[in-house]
Structures are given as C-alpha cells and as structure tokens.
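[1] curious how this folds, go ahead:
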Amino acid sequence: MIDLLPAFLAGWVLTFVLLAIEHLLWKDAPRVVRYCLGAGTICTGCTLTGLLLDNPILAFGPWCIASAGVLTAAWTWYDDRAKATLKTAQKRGEVVGITRGLTQEAIDRGSDRSRN
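    Below you'll find the model as predicted:
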C-alpha cells in the first residue's frame, strides 16, 4: 500500500492546486460553472493517479461516473433561470404597481383642482 502513496499524493496535489487556481479565477462564476470545474478537476486528479499506477479504471472511471453530474448541473441551471425569471417578473409587477399608484394619485389631484 505504501508504494501507491506517491501516485495518490501526486493526484491529490494536482487536484488541490487546480481547485485553488479555479477558486481564485472563477469564484464569482455561476454555481453550475464552479460545479463542473470542480468535478472535472477531481476527475483530472484521479486520471493522473491512474496513469501513474497504470490503472485505466482509475484513470477513466471517474469521468464516466461524474458524467451523471451533468443532470445535476442542468437541473441547477434550470432552477437558477426559473428564480431569475420570477425575480424579474416581481420587479416588473412592482414597477407597474407604483406607476398605477402614481397615475391614480395624479388623477385624484387633478379632480381635486377642478372642483375648486
């Protein structure tokens, strides 16, 4: 088991460095982008470890398994778009309500002036 340690350490270090760089470069990116970058980075670390150990299952298996995350990424993206659409609709509704209130207030003032 000890003879496997250098390969796993190399994969761990690569993953850590890439995750740190991604955090610094894309910390303000949308959640789905960060999710995909993180999953790809972890798979890359596994690939390096698998290549160093001459183990094709470890080198390519994580990519196959992580591809299931595409469904989660798509779901998250859809939820985020739905929330943004709702928020925009709410803001538009507030603007319409304010406009109606101001219009009604102006009408009321006009009718008060005409009575005098």
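[2] hey, let's count contacts and neighbours off CA atoms from now on
    OK.
[3] give me the domain ranges for the chain.
    Domain segmentation of the chain under automatic domain parsing yields 1-67, 70-116.
[4] let me have those in TSV, extended by mean pLDDT and mean neighbour count.
    Shown next, in TSV, are the domains of the chain (pLDDT from 0 to 100; neighbours: other Cα atoms under 10 Å):
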stretch	mean pLDDT	mean neighbour count
domain 1-67	94	16
domain 70-116	74	12
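[5] for the residue nearest the centre of the chain, give its distance to R81.
    Central residue of the chain (Cα atoms, centre = their mean): R31, 1.3 Å from the mean position. Here the distance between R31 and R81 works out to 12 Å (Cα to Cα, to the nearest Å).
[6] was I right to think A7 contacts T47?
    No. With contact defined as Cα atoms under 8 Å, A7 does not count as touching T47 (10.4 Å).
[7] tell me what the one helix or strand A74 maps to is packed against?
    Element membership for A74 (DSSP states H and E) is helix 69-115. Helices and strands touching helix 69-115, as assessed by 3 or more Cα pairs under 8 Å, 6 or more residues apart in numbering; DSSP states H and E, comprise helix 31-52.
[8] how much distance is there from the helix it packs on to the middle of the chain?
    Its chain's average C-alpha position is 16 Å from that of helix 31-52, according to Cα atoms, centre = their mean, to the nearest Å.
[9] what's it in contact with?
    Residues from elsewhere that reach helix 31-52 (Cα atoms under 8 Å, 6 or more residues apart in numbering): 7-8, 10-12, 14-15, 18-19, 22, 26-27, 56-60, 62-63, 66, 69, 73-74, 76-77.
[10] also stretch 57-68?
    A39, G40, C43, C46, T47, L48, T49, G50, L51.
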